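In: Pasting the sequence and the predicted model now:
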Amino acid sequence: MNAEFLFEAFGEIRETWVEEAAPEDKERNAKHMERTEIGRKAETKIIKKKNAEAKNSGNRKAGTKIFGNRPSGIEEKAALQNYRTWRKWLILGTCACLFLVVGIVGYRITHWKSGCGQTWHEITPCAEGIYFTSNGHDHRHGGTFLWKEQEGKLIKLTDATGQILQGGENTYLYDKGKGVVYLLESDRAKELCKVVIGDDAAVKTVGEPLGITAWEGRMLWTQTGMETRVLPKEQRTVSDFYEIVYETDLSSGQTKELFRTDSIARFANQLMDGKLYYHENRADESGTDRICYYDIKSGNTECVYQEEEDMELYENVVFYEDCMILHRMRMQDGRMTYDKGMWKLTKDGELVFLTRYDKQTAAMDRKGNHLYYVTRFEGRDSVVKLDLGNGEIEMIAPMQGTYTELLMRDGGFYYTEPSYSVGGLFYYDLDSRRATKIHD
Amino acid sequence: MEDARIVELYWERDERAIPETADKYGNFCWKIARNILENEEDADECVNDTYLGAWNDMPPSRPMFLRAYLGKLVRNLSINRWRREHALKRGGGNLTLVFEELSEIVSDKEQGKAKQLDEDGKSPVEQEVAAKELAKELDAFLESLPRQKRQIFVRRYWYADSTSEIAKDYGMKVSAVSMSLSRLREQLRAYLLERGYQP
């Protein structure tokens, strides 16, 4: 029973995990007739149920009149009476509905609050402002929304027709120079994906939609001048598991396959020295994890690190100029290492600092030569500033809860708190030492 | 037919919703039911009940992921049926294996908690709340996993797929899947321990 309880609890996990792991329906065609038969059986069951409901509803009398039999005067009178009663209720019902609709619309206008129940998960600084993405629902839509902060307010971005822009996690990027947001838009029904460019005023589609199945779109990086984008696509077959990286020229719209990985891979959102780094988790029996890179110029792929047997898995890979930071784990033989919950920075072979990092939240940002992250500092959950040059750590703010994202600004920082009850998007002002909730 | 359109059919009380659902997700649902019940006839009945459940639930429900929604329905119905049929006889079967594996994770406290919920005759609602609380932790744990590991874990403990089937789908050896699952169970146990799921 105890394991049953856990199994039952598993039934309550997010639908996205269930959707993500859904097995391929290979037998679908073969089972088509059989399943349709099942459908017919269920359909019959429902029709029976509907008939029973109709029978019990009292309207059966009028509804089941045998056509062709001339009704008697009493029946006609009863039918007329029935009609009048219905008409009365119909008018009353319509009025009530109208009243309700006007009330709801009025309430929405006066208490407008879009994005209720959002889970904020991306904060990206841009030349013109800050862009946010959130997962959640409003009264009309569900999915991932793109927002922009403007004069202290959050605005959901829409296209030229007023349609709200929706993408998936990691499916947008921005051009600092142009202040343009690129969004990877999907059409799951048709299994297509395309890129749209949004600069608040106009949105246009770039490139032909890729007619690929089971894609998992993710914007990655751009070359100088935002002329290319890379889109990895996970491809799974019975014996293979790999990702294809596409490159699209945003000017011409032409898309071509750049390369494919041997196995499932996680890409860093950065390009360093013309190399696209990624973490690869091999799907074979070895299940090994490696850090690899694809050299754009030469077209070669090389793996620069082979994990040890007991190594944990990489998550949220972030690459910096002089080190790689791999959340949740220790990392390669660079200067900064993470092991058993501790960050270690060494310089010229000497230990510069040793500190804890909360691997569960993974909130981190870098600004200049400083790395900001959440950790337990002097017995308190805090946001700390780490000087990457000398390793000095300074507590800059106490943490109020669990932070999943950090974005440093000059006078403070944005953070996300995932709690359903008190969570949302916040801004912490370093001068006043106060946190302000920006959005639920 | 698109999922959104199928959902619309339910909302419009259009009976075509059922054959469309059966056509698109019938086999998907059936496999889940069969994984749990290991009996094709029982699985058929559970799938039928799933359609009926969907019909009764929509409206008011409007699932964002129809497949996952149907999967959850058929899973719950199958578990209930499995319980009824295994009230007297125990042992054997795929689900029993899954439970045996999961029993490695469940800490004493959680076992006691679940047991107490039953023994004290506390309401199913309270049990549901406890399961939902635990599910939040499971969500966080799953989020921390790489995608493939997460998928394998969900395939085993949500879909109750056999290790051989998982291995086939991911091009892995059965032993590698078992090893991977074993490590993940260990990780989950440690994760839950950290969060006070043990005295």
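Out: Nice, I can see it.
In: A:F377: how many residues sit nearby?
Out: When neighbours are defined as other CB atoms under 10 Å in any protein chain shown, A:F377 has 18 of them. For every residue, glycine as well, the C-beta is placed using N, CA and C.
In: right, and it touches A:A397 too?
Out: No. Between A:F377 and A:A397 there is no contact under CB atoms under 8 Å: 10.3 Å.
In: in which helix or strand would I find B:Y10?
Out: Secondary structure from DSSP states H and E places B:Y10 in helix B:3-11.
In: give me phi/psi at the most centrally placed residue in chain B?
Out: Residue closest to the average C-alpha location in chain B (CA atoms, centre = their mean): B:W158, at 3.5 Å. Dihedral pair for B:W158: phi -110, psi -50, per degrees, to the nearest 10.
In: For chain B, which element, helix or strand, carries the lowest mean pLDDT?
Out: One helix or strand of chain B scores below all others by mean pLDDT, DSSP states H and E: helix B:108-119, with a mean of 40.
In: Now the element after that helix, going C-ward?
Out: Past helix B:108-119, the next helix or strand by DSSP H and E is helix B:124-143.
In: Distance from the chain centre to that next one, please.
Out: 13 Å (CA atoms, centre = their mean, to the nearest Å).
In: Please identify the buried residues of that helix?
Out: Of all the residues in helix B:124-143, those buried under the rule 16 or more other CB atoms under 10 Å in any protein chain shown are B:127, B:130-131, B:134-135, B:137-138, B:141-143.
In: Can you narrow those down to the ones near chain A?
Out: Of the residues in these, proximity to chain A by CB under 8 Å from any CB of the partner chain holds for B:127, B:130-131, B:134-135, B:138, B:142.
In: hmm, back to that, how about the residue nearest to the centre of chain B: what's its closest non-neighbour residue?
Out: In space, and not counting its chain neighbours, B:W158 is closest to A:F10: 5.3 Å by CB to CB, 6 or more residues apart in numbering or on different chains.
In: ok, that neighbour touching B:D139?
Out: No. Counting by CB under 8 Å, A:F10 does not reach B:D139; the two are 10.3 Å apart.
In: still on that earlier bit, next structured bit after the helix holding B:Y10?
Out: helix B:17-37.
In: Give me the helices and strands touching that next one, please.
Out: Contacts defined by 3 or more CB pairs under 8 Å, 6 or more residues apart in numbering or on different chains; DSSP states H and E place helix B:17-37 against helix A:28-56, helix B:3-11, helix B:40-57, helix B:66-85, helix B:94-103.
In: Model confidence score at residue 193, please.
Out: Using chain A here. Note on A:C193: pLDDT of 48.
In: wait, I meant chain B there
Out: At B:L193, the model reports a pLDDT of 79.
In: could you measure it against B:I105, distance?
Out: For B:L193, the distance to B:I105 (CB to CB, to the nearest Å) stands at 10 Å.
In: can you check B:R75 too?
Out: Note on B:R75: its distance to B:I105, by CB to CB, is 19 Å.
In: between those two, which one's more packed in?
Out: B:R75 (25 against 22).
In: Would you mind pulling the contact partners of stretch B:76-85?
Out: Residues outside stretch B:76-85 that contact it (CB atoms under 8 Å, 6 or more residues apart in numbering or on different chains) are A:4, A:7-8, A:11, B:32-33, B:36-37, B:42-43, B:45-46, B:49-50, B:53, B:95.
In: just those residues now: which is nearest B:L70?
Out: B:T50 (6.1 Å; CB to CB).
In: pretty sure that closest one contacts B:G71?
Out: No. B:T50 is not in contact with B:G71 according to CB under 8 Å; the separation is 9.0 Å.
In: So for those two, which residues contact both of them?
Out: Joint contacts of B:T50 and B:G71 (CB under 8 Å, 6+ apart) are B:C29.
In: Those two: which has the busier surroundings?
Out: Counted by other CB under 10 Å, B:T50 and B:G71 do not tie: B:T50 has more neighbours, with 30 against 26.
In: Now that one: closest residue in space, sequence neighbours ignored.
Out: Here the residue nearest B:T50, using CB to CB, 6+ apart, is B:V74, at 4.3 Å.
In: Local confidence estimate at residue 162?
Out: Because you didn't say which chain, this covers chain A. A:G162 is given a pLDDT of 63.
In: Not quite, go with chain B.
Out: 86.
In: wait, what's in contact with the closest residue in space to it that isn't next to it in sequence?
Out: Leaving aside its sequence neighbours, B:S162 sits nearest to B:N94 (CB to CB, 6+ apart; 5.9 Å). Listed by CB under 8 Å, 6+ apart, the contact partners of B:N94 are B:35-36, B:38, B:160, B:162.
In: how about a cut-off of 10 Å?
Out: B:N94 sits next to B:34-38, B:160-163, B:165 when contact means CB atoms under 10 Å, 6 or more residues apart in numbering or on different chains.
In: Any of the residues you listed buried? List them.
Out: Buried among the contacts of B:N94 by 16+ other CB under 10 Å: B:34-38, B:160-163, B:165.
In: Out of the residues you listed, which comes closest to chain A?
Out: B:D161 (6.7 Å; CB to the nearest CB).
In: Can you tell me the element the closest residue in space to A:M399 that isn't next to it in sequence falls in?
Out: Spatial nearest neighbour of A:M399, chain neighbours left out: A:D381 (4.0 Å); criterion: CB to CB, 6+ apart. Secondary structure assignment for A:D381, by DSSP H and E: strand A:380-387.
In: Let me see the mean pLDDT of that strand.
Out: Rounded mean pLDDT across strand A:380-387 is 81.
In: Quick check: next helix or strand after that strand?
Out: On the C-terminal side of strand A:380-387, the nearest following helix or strand under DSSP H and E is strand A:393-398.
In: The helix holding B:Y10 vs helix B:40-57, what angle?
Out: With axes from the mean of the first three to the mean of the last three CA atoms, to 10 degrees applied, the angle from helix B:3-11 to helix B:40-57 works out at 70 degrees.
In: Which secondary structure elements does helix B:3-11 sit against?
Out: Packing contacts for helix B:3-11, counted by 3 or more CB pairs under 10 Å, 6 or more residues apart in numbering or on different chains; DSSP states H and E, involve helix B:17-37, helix B:40-57, helix B:66-85.
In: got a list of contacts for that helix?
Out: Applying CB under 10 Å, 6+ apart, the set of residues contacting helix B:3-11 from outside is A:188-189, B:1-2, B:14-21, B:23-25, B:51, B:54-67, B:69-70.
In: List buried residues within those.
Out: In the contacts of helix B:3-11, the ones that pass as buried (16+ other CB under 10 Å) are B:15, B:17-21, B:23-25, B:51, B:54-55, B:58, B:63-67, B:69-70.
In: Contacts only, for the residue nearest to B:E104 when sequence neighbours are not counted.
Out: Of all residues not flanking B:E104 in the chain, B:R185 sits nearest, at 5.4 Å (CB to CB, 6+ apart). Counting by CB under 10 Å, 6+ apart, B:R185 touches B:101-105, B:153, B:156-157.
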